[in-house]
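# next comes the sequence, and after it the predicted model I'd like to discuss.
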Amino acid sequence: MSFFSGLFSNRAKLGVALVTLLLLFYLVVSAQRGWLLLTSPEIPAKLMGAAYLVLPVVGAWALIRELTFGARTEKMASILAEEGRLPVDDLPRTPGGRIVRAAADAQFPQYKAETEAAPEDWRSWFRLSCAYDAAGDRTRARRAMRQAGKLFGSKGN
C-alpha cells in the first residue's frame, strides 16, 4: 500500500468538487456585493466595494493554484505507481492510526540522501515529500512536493 493509494479516490474528488463549488459560489456573491458597493454614490461605500472585489480575485487565484497542485501531485503519484517507485507505507502505526514518528525519522535519511544525490529529479523530491509527511512535517512535505511539481513541469517527467 502506498502513501497516496486511496488519497485521490472518488470520495476525495467529490469532496474537492463540493468545496470548489461552495468557494465559487462565495466568490460570485462577494464579487456581486463588491460591485453593488462600488456603484454606490457614497465614497466610503465605493472604497469598501473596491476592497471587497479583491477577495474574489485572491480566492480565484488560490483555488486555481491548489487545484493545479492537486492535479499535478496526482499525475506524479500515478507515474511513480506505474514505475513501482512510490514509497511503500509499511511503517508501524499507533493504535490511533498515526505513523510512529521514530520509525518515520529512521527512514527519512534514505530519502534525504536520494534527493541530495539527484536534486533535479522530481521523483526524489516526491518521495522526500512523502517522508516529511510520514514524519509529521507537513510544511516541508508541501514545500518538497511543490519542488517536485516544478521539476515535473519543467522537464515533463
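In hand now; what should we look at?
# from the middle of its chain, how far away would stretch 66-84 be?
11 Å (CA atoms, centre = their mean, to the nearest Å).
# then it to CSV, C-alphas only?
Provided in CSV are the C-alpha atoms of stretch 66-84 (Å, rounded to 0.1, in the frame of the first residue of the first chain):
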residue,chain,number,x,y,z
GLU,A,66,-4.4,24.5,-5.2
LEU,A,67,-6.4,22.6,-7.9
THR,A,68,-3.3,22.7,-10.2
PHE,A,69,-1.2,21.4,-7.3
GLY,A,70,-3.5,18.6,-6.6
ALA,A,71,-3.8,17.5,-10.2
ARG,A,72,0.0,17.6,-10.7
THR,A,73,0.5,15.6,-7.5
GLU,A,74,-2.0,13.0,-8.6
LYS,A,75,-0.3,12.8,-12.0
MET,A,76,3.2,12.4,-10.4
ALA,A,77,1.8,9.7,-8.0
SER,A,78,0.3,7.7,-10.8
ILE,A,79,3.6,7.8,-12.8
LEU,A,80,5.5,6.6,-9.8
ALA,A,81,3.0,3.9,-9.1
GLU,A,82,3.3,2.7,-12.7
GLU,A,83,7.0,2.6,-12.3
GLY,A,84,6.8,0.8,-9.0
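# pLDDT on it, on average?
Stretch 66-84 carries an average pLDDT of 93.
# distance check, Gly59 against Ala45.
For Gly59, the distance to Ala45 equals 22 Å [CB to CB, to the nearest Å]. Quick note: C-beta positions are derived from backbone N, CA and C, even for glycine.
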